[in-house]
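K.L.:
My questions concern the predicted model and sequence given below.
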Amino acid sequence: MTARASTPHLSAVTSAELIPTKSWQASIELGFRAGKIRTDLVRSLHKGPLRVQRPFYPEDECCHVYLLHPPGGMVPGDALRVALNLDSGAHALLTTPSAGKVYRSDAAKTVQSQGVSAYVGSDACLEWLPQETIIFEGAEAELSNHFALHGNASLCAWDIVVLGRRASGECFSHGRCTQKIDVSRDGVLLLKERTEWLGGSRMLDAPWGMGGMSVSGTLFATLLCDQLMMDTLREGLAELVASRGWLPAEWGLSQKRDIFLARYLGNSPEQCRKGFIWLWSQLRPILNGRAACPPRIWNT
């Protein structure tokens with residue numbers, strides 16, 4: 001779908017991306033506008049193997065969109081760029097149908113990068129809820145998450161990183177993965193984080209680092225939770241973990257200025273994702289006044 005909307009605040013397509021290359025320089029730019037009865041996807045501009053299905057409306061006003069990357073993984077030199085523009089009052093929920101994969105790099109350690117940049121207008125709400133990214137041993141991955149909020153815009157997002165493929169007997173003895181997260185409102189920084197995992201480093205096994213775990217997840221939302229709410233969420237999450245008999249893992253909930261943060265450190269991306277979905281279901285009525293409406297793709 002390609003349509004013309006108001007002048008976009010961000011652009012995923014640059015002249016540099018038009019230079020021929022053996023690797024995929026894929027990008028997609030999506031624009032959302034609040035209509036009389038629902039949010040419409042009014043702009044969809046893509047280059048390379050990034051696509052979206054038609055938008056879904058399981059809860060009327062909110063626009064649900066599935067972001068597709070047909071190759072399924074990234075080889076050396078690949079770059080995936082997603083740019084989202086939400087006009088004032090728009091409400092969009094984006095997810096992915098499957099985990100992303102960053103394959104082993106080459107002898108030159110060529111970087112593989114993927115990132116999302118979003119501008120969220122006043123009264124708008126963005127929910128960016130992708131499935132996990134699996135970093136293969138020997139990959140050189142750079143992951144970036146940039147969200148620029150305007151006025152009273154709201155945001156709920158997460159990023160789940162899996163180091164190696166333990167089910168296949170693969171650890172993360174060499175390679176590199178850098179994760180960046182920043183959230184700002186009207187130009188004022190609310191959250192800025194940078195994490196770097198080096199294959200084979202002490203940090204992967206040290207108690208002050210990954211503690212031998214392979215999955216790291218971060219959920220962040222523009223909410224100010226009081227102590228009662230934090231206690232309720234901690235108790236509910238503990239009950240969920242105990243009732244499901246999940247693998248041992250570290251969960252943490254905290255408040256940093258105007259950002260609510262949830263952390264996961266363990267060995268199961270599926271359990272991390274399910275825990276985050278539960279937290280999202282509790283937070284969503286506070287965030288935008290809507291009950292949780294999980295995308296259908298999560299059930300497949």
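P.N.:
Received the coordinates, thanks.

K.L.:
For the longest helix seen in the chain, which helices and strands make contact with it?
P.N.:
In the chain, with assignment by DSSP state H, the single longest helix is helix 269-288. When contacts are defined as 3 or more Cβ pairs under 8 Å, 6 or more residues apart in numbering; DSSP states H and E, helix 269-288 packs onto strand 125-128, strand 154-163, strand 215-221, helix 227-244, strand 259-266. Placement of C-beta: from N, CA and C, glycine included.

K.L.:
Tell me which of these lies nearest to residue 202.
P.N.:
For the helices and strands packed on helix 269-288, proximity to residue 202 was assessed by Cβ to Cβ; strand 154-163 is nearest, at 14.3 Å.

K.L.:
Now for residue 82, how many residues are close by?
P.N.:
25 (other Cβ atoms under 10 Å).

K.L.:
re earlier: can you redo the helices and strands packed on helix 269-288 as TSV with mean neighbour count and mean pLDDT?
P.N.:
As requested, these are exported to TSV (neighbours: other Cβ atoms under 10 Å; pLDDT from 0 to 100):
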stretch	mean neighbour count	mean pLDDT
strand 125-128	24	98
strand 154-163	23	98
strand 215-221	24	98
helix 227-244	13	97
strand 259-266	20	98
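
K.L.:
got the buried residues for the longest helix of the chain?
P.N.:
269, 271-276, 278-280, 283-284, 287-288 (16 or more other Cβ atoms under 10 Å).

K.L.:
any idea of the mean pLDDT for that helix?
P.N.:
For helix 269-288, mean pLDDT is 97.

K.L.:
Touching that helix from outside, list them.
P.N.:
Under the contact criterion Cβ atoms under 8 Å, 6 or more residues apart in numbering, helix 269-288 has outside partners 91, 99, 125, 127, 129, 131-132, 134, 154, 156, 158, 160, 162, 215, 217, 219, 221-223, 229, 233, 236-237, 240-241, 244, 246-247, 249, 251, 260, 262, 264, 266, 290-292, 294, 298.

K.L.:
and if you look at stretch 121-130?
P.N.:
In contact with stretch 121-130 (Cβ under 8 Å, 6+ apart) are residues 32, 34, 67, 84, 86-96, 100, 116, 118, 120, 145, 147, 150-160, 276, 280, 284, 287-288, 295.

K.L.:
returning to what we had before: give me the angle between the longest helix of the chain and helix 227-244.
P.N.:
Between helix 269-288 and helix 227-244, the angle comes out at 150 degrees (axes from the mean of the first three to the mean of the last three Cα atoms, to 10 degrees).

K.L.:
Now do helix 269-288: distance to the chain's middle.
P.N.:
Relative to the centre of its chain, helix 269-288 is centred 13 Å away, using Cα atoms, centre = their mean, to the nearest Å.
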